[in-house]
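>>> Sequence and computational prediction follow.
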Amino acid sequence: MLLKTKHLPISRLLIVAAMILMPFSSPIAQESPKEEDYFKVRKVRTPEGIILEVGGLATLPDGTLGVSTRRGDVYIVENPTSGNPYFRKFASGLHEILGLAYKDGALYCAQRGELTKLADTDGDGKADVYETIYAWPLSGHYHEYSFGPIIAPDGSFFVTGNVAFGDEEWWRGESRVPWRGWAFNITEDGKLTPWATGMRSPAGPGSLDGQFFYTDNQGDWIGSGGLWQVNKGDFMGHPAGLQWTGHPESPVKLTMEQFRSKMDERRVKNEQGRYIKPENVINEQYKTAFDAKQELPEFQLPAVWLPHGILGISSSQPIVIPNGHFGPFAGQVLVGDQGMSMLSRVMLEEVDGQLQGAAIAFRSGFRSGVLRMAWATDGSLFIGETNRGWGSAGDANEGLERLEWNGKIPFEMKTVKAMPDGFEIAFTLPVDPASAEDLASYHVESFTYKYHPVYGSPPVAMKTHQIKGVKVSADGLTARIIVDSLQQHHVHSISLDGIREKDHFYSLIHPTAYYTLHRVPQGTKLSMAEVSTKNSSIPAITEEPAPKAPASGKEAPDSKKLATTSKPAVPSPAVAKAPPTYKEVEGLLTKYTCVACHNPKTKQIGPSYADIAKRKYANERIVELIYNPQPANWPGYATEMPPMPHVPKADALKIAAYINSLVK
Amino acid sequence: MILSKFFTGPIGMLTSTFLLACCILGSQAQVASEGTIDLTAFKQPIAGWQVLGDVAVPWTNQRAMDGSPGEGLWAHIPKRKNKADDLITAAAYGDIELEFDYLLASGSRATVYLHDAYPMVLADDGSGVSPHVESNGGIPGYAPRQQVSRAPGLWQHLKVALKAPRFDNAGTKIAPARLLRAELNGIVIHEDIPLQPLPGRAEKSLAPLRIAVANGPIAFRNAKITPLSEKSAQPNWNNPDPIWVQAQVNTTLRSFMDIPGGIRVVHAISVGHPQRVHYTYDLDHGNLAQAWRGGFLDATPMWHERGNGTSRILGSPIYFGKPSLAIAKLTAPEATWPQDTAGTGFRPKGYTMDSNDLPTFRYQLYGTQVNDAIRPLPTGNGFSRTVTITGAPDGLYFQLAAAPSIVDQGGGVYLIGDKAWYVKLEDSGKEKPFIRNSGESKELLVPVHSTLRYSIIF
């Protein structure tokens, strides 16, 4: 979806462009292509009655597709990319399968309680061997899902396991039995080696070019979802699994006692002696994951954050795009999301031995939450979906779909690389030089997340960066920007709303990428003589009358307005005018990630705006609830809304006014 | 006890005393607790009925029943084709809850006349699989919802909530009698059914309970009639649509499984069969956790929304106690059975499926390989279990049962618990099972080498 922010006067730019490019017809009339114009979502015709709450996908060497489900079934689908796929039930009765892998004629899958090998040895098309490779302990808590396996280069398996939650402290992940909250390795002959811990909800183990990666989901201690590389002995941040680091086989040495001596778990009781759920505190001294890493050496930061609510809310499987697939994106990584029913694209690079990179939206609009992916032999991508228990975008509870590229090159950022003085963006098609040389086409902000026992974190330390200059290559395929005050370990959102493609003046299909900048590379900086400093916009940084922004490390509630507008700041929500239309708030809803969970008319992860309007809250009350949601107001919604204290009050009131306009 | 008015005079006194003695042989005069029904509650005469301490259906002659003296139950055991009088309570009742245990021999059949007008069948169903109006628990027009009967010689439990018919002041019936609920062996077989009386039978607002035996023998105990408690529970309209898994073909489903004692089996697999008899196998111990007759599983708790990972059985179960190993190495026949798998090298290996989708479980124990195949009996009243052990190591025993009571019925047949189920040895090589004490309880063990085959019948 296009992010439309109002800080660039497009009309001015286009008039300028039209003057330069007079022979062409007015570009204003032409609509830019969208995702769906290049990547089509195809259905996989499935017989009625087969419930495909997909937990695992694996393409077999003969091109058939293995599908495992949360209902405990494994299907082999013949001709899966055709209009007439044929489903065979290969196995059934397993306990909530959440993965599938093929090796040497057999299928392997992680159920809740074991890694199981399924083999058809008598040739009737059904598994007759259900072999327990390894059965791990479970306490019987519903959240102890087990994911995988992925197959390591040596043929052994990795499985990851979710934590359970407390009884009284139902918000706090805990590891009741080994190896919940861990990744562990299992050999074919059933030997288990604990591998890494600090995981909370590792729904997306993945093998990326033979390397073990995984995604975790926002929750307590995990400020936002992200993509982590997994090395033996890593601690990813959630303390629950530290319960077992005393085990002689544990490669992680950090103990629970050491963790508690350095981190505040906020186990606080009220006057009645009952534990209080920790909530986000505005205006506090906080730690980031990087701060924690200074104190806990085994701490592993995500290679790439997937900003919550923008690039997903429940990250799932990562997968590499092989050579020859999906055109310019071959070699990059796609990550699924179970809540926003979308894929993100991750462009990884290594800087000084540190893995990092940018994430950008790729495709949304799947019918249910995306959990698994597998490449078909024709180069298209199977998407396995389920949302049961959590809700998602899309109008179905489960599904199996296929993403097909039409062979045409979409206008997108191809790569984003860190530079000693900023970033370099490579494009899939040449850019229009005037728009690319105009600093007003670019906007960079940075932020990070808190590391704390609260469920998730709002973006903090939000900062707008000045772009000092841009160097566009002669072929129009790269633009390198000089950005001031780069913030190490922070996410830098790089918005290129003003960039246009050279021939048709298309906008970028996805104009914003999010670069996790762990390391700034060494190297030659650009000199001012090489760059353009043209800037077509009116300086538009407005400030609300706000308390003094404190030194870094503290979060200010009304920090500098981020989305600089070209209009003067509106100090308070005034006057009874006509309430804003959807178009007028669309940008805000996207920017503040409301769209991750809400839709004007239909129930998604959260209630529709129309349903909220029916409650007839005053505008100010809606603002209060944005800052401090009350999940008890909405029984029947499985996922709680996190507090959103970073939404400026004026914007929140505007959103509230729009919502209330939906019901008379 | 009410003395019959027919007997007067000295001879009459002697006769009636003799009859009194016969009818209450061995019992002491007791004050019946409120609602308790025993033979004293019924109108005389009650020829053919006696108070006993225990009964047993011999395995080799299942149409018979042996009684032993004592008290606690009452039975009709036909001798030389004597008939049993109908049992009719002296008291008349309105809205009631009725419950009792009963025990049948093969071919036995009786009818309970609720409110002396509305029949319900008590019968040994033989090899019947589909319940019908004439089978155990059947009423005119309504077959029981599930096949949850028990084999001959085992106690069954019936619990009924009945609402009497309503009449206006003129005596016209304005509301029929209703069978609010009938539970057979813990499972609802009828719910909220309007009842029609036997043809020609007058209906009244108060009426006695009648029991008529067509074919003995039959025994009863723990019978109670109490006033109906008006519990009107509001329906919970938010309850989800049930998600049931039925086993029209052999079906397996793994889930967490809760069993009595607050135990959650986390590596459990349930296997259902079209014979309507099913079991749950505990993969952490290589042993049965429960078996049941009737419907297979209710998977709503695991498949509605996030779920809690468990499924619930739909039918009427028997349990096998706290999960423990089926096979153990004992240093001596009286050595304690291991409480867990520590030191045994126990390792689950999963299962293989035959061409009918029936699993054979496999695990490692003491360095050897065990295969465990449990197959439904064609009559649907239990299982045949075959265990094979490779390498035939020494010192292994198989625990066939652990229960408060185990009775040797001869011929390799053992009656387990409070007449809850049978173990029948089919092939134990040359080894003989033995019963031993285990604390307050008992265990039935047999030394095992390479093969053991036995049946579980209920």
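It's in.
>>> closest point of the stretch 101-250 of chain A to chain B, which residue?
Proximity of the stretch 101-250 of chain A to chain B (CB to the nearest CB) peaks at residue A:132, 3.8 Å away. For glycine as for every other residue, the C-beta is placed from the backbone atoms N, C-alpha and C.
>>> Next, count neighbours for the residue nearest to that residue when sequence neighbours are not counted.
Excluding its sequence neighbours, the residue lying closest to residue A:132 (CB to CB, 6 or more residues apart in numbering or on different chains) is residue B:350, at 3.8 Å. Residue B:350 has 20 neighbours, counted by other CB atoms under 10 Å in any protein chain shown.
>>> these two touch, right, residue B:350 and residue A:130?
Yes. Assessed by CB atoms under 8 Å, residue B:350 is found in contact with residue A:130 at 4.8 Å.
>>> what touches both of those two?
Counting by CB atoms under 8 Å, 6 or more residues apart in numbering or on different chains, the shared contacts of residue B:350 and residue A:130 are A:116-117.
>>> what sits against the residue nearest to residue A:132?
Residue B:350 touches A:114, A:116-117, A:129-132, B:361-362, counting by CB under 8 Å, 6+ apart.
>>> Now for the residue of the stretch 101-250 of chain A closest to chain B, how many residues are close by?
Residue A:132 has 22 nearby residues by other CB under 10 Å.
>>> and it, helix, strand or coil?
strand (DSSP: H, G, I helix; E, B strand; the rest coil).
>>> how about it, what does it touch?
A:114-116, A:190, B:283, B:348-350.
>>> now swap in residue A:244 and tell me
A:175, A:178-179, A:182, A:194, A:197, A:250.
>>> Quick check: pLDDT value at the residue nearest to residue A:132.
Here, the pLDDT recorded for residue B:350 equals 98.
>>> same question, residue A:14
The model's pLDDT for residue A:14 equals 51.
>>> So what's the residue count around the residue lying closest to residue A:482 once chain neighbours are set aside?
Nearest non-adjacent residue to residue A:482, counting by CB to CB, 6+ apart: residue A:468, 4.2 Å away. Neighbours of residue A:468 under the rule other CB under 10 Å: 16.
>>> mind checking the SS state of residue A:468?
strand.
>>> and it, what does it touch?
Contacts of residue A:468 (CB under 8 Å, 6+ apart): A:482-484, A:528, A:531, A:533.
>>> give me the element the residue in the stretch 551-664 of chain A positioned nearest to chain B is part of.
The nearest approach of the stretch 551-664 of chain A to chain B comes at residue A:638, 6.5 Å away (CB to the nearest CB). Remark: residue A:638 resides in no helix or strand, with elements defined by DSSP states H and E.
>>> Please give me every residue in contact with it.
Residue A:638 neighbours (CB under 8 Å, 6+ apart): A:389-391, B:305-306.
>>> Same question for residue A:74.
Residues in contact with residue A:74 (CB under 8 Å, 6+ apart) are A:66-68, A:89-92, A:94, A:97, A:100, A:107, A:109, A:118, A:127.
>>> and if you look at residue B:263?
Residues counted as contacts of residue B:263 (CB under 8 Å, 6+ apart) are B:322-323.
>>> quick one on the thing from earlier: please report which of the contacts of residue A:74 has the highest neighbour count.
residue A:68 (34 neighbours).
>>> measure it to chain B for me?
13 Å (CB to the nearest CB, to the nearest Å).
>>> Spell out the secondary structure type for that residue.
Following three-state DSSP, the label given to residue A:68 is strand.
>>> Ranking helices and strands of chain B by mean pLDDT, which lands last?
helix B:9-23 (a mean of 51; mean pLDDT, DSSP states H and E).
>>> what's the following helix or strand after that one?
Moving toward the C-terminus from helix B:9-23, the next helix or strand (DSSP H and E) is strand B:36-37.
>>> And the next helix or strand past the helix or strand that the residue nearest to residue A:132 is a member of?
Element membership of residue B:350, judged by DSSP H and E, is strand B:347-353. Of the helices and strands lying after strand B:347-353 in sequence (DSSP H and E), the nearest is strand B:359-365.
>>> Could you list the buried residues of that next one?
Applying a neighbour-count criterion of 16 or more other CB atoms under 10 Å in any protein chain shown, the buried positions in strand B:359-365 are B:359, B:361-365.
>>> Export those residues as JSON lines, with columns for pLDDT.
Listed next are the buried residues of strand B:359-365 as JSON lines, based on pLDDT from 0 to 100:
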{"residue": "B:359", "pLDDT": "98"}
{"residue": "B:361", "pLDDT": "98"}
{"residue": "B:362", "pLDDT": "98"}
{"residue": "B:363", "pLDDT": "98"}
{"residue": "B:364", "pLDDT": "97"}
{"residue": "B:365", "pLDDT": "96"}
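>>> Can I get those in JSON lines including distance to chain A?
Listed next are the buried residues of strand B:359-365 as JSON lines, based on distance: CB to the nearest CB, whole Å:
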{"residue": "B:359", "distance to chain A": "7"}
{"residue": "B:361", "distance to chain A": "10"}
{"residue": "B:362", "distance to chain A": "8"}
{"residue": "B:363", "distance to chain A": "9"}
{"residue": "B:364", "distance to chain A": "10"}
{"residue": "B:365", "distance to chain A": "14"}
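>>> Among these, which one lies nearest to residue A:433?
Among the buried residues of strand B:359-365, residue B:359 lies closest to residue A:433 (CB to CB), at 69.3 Å.
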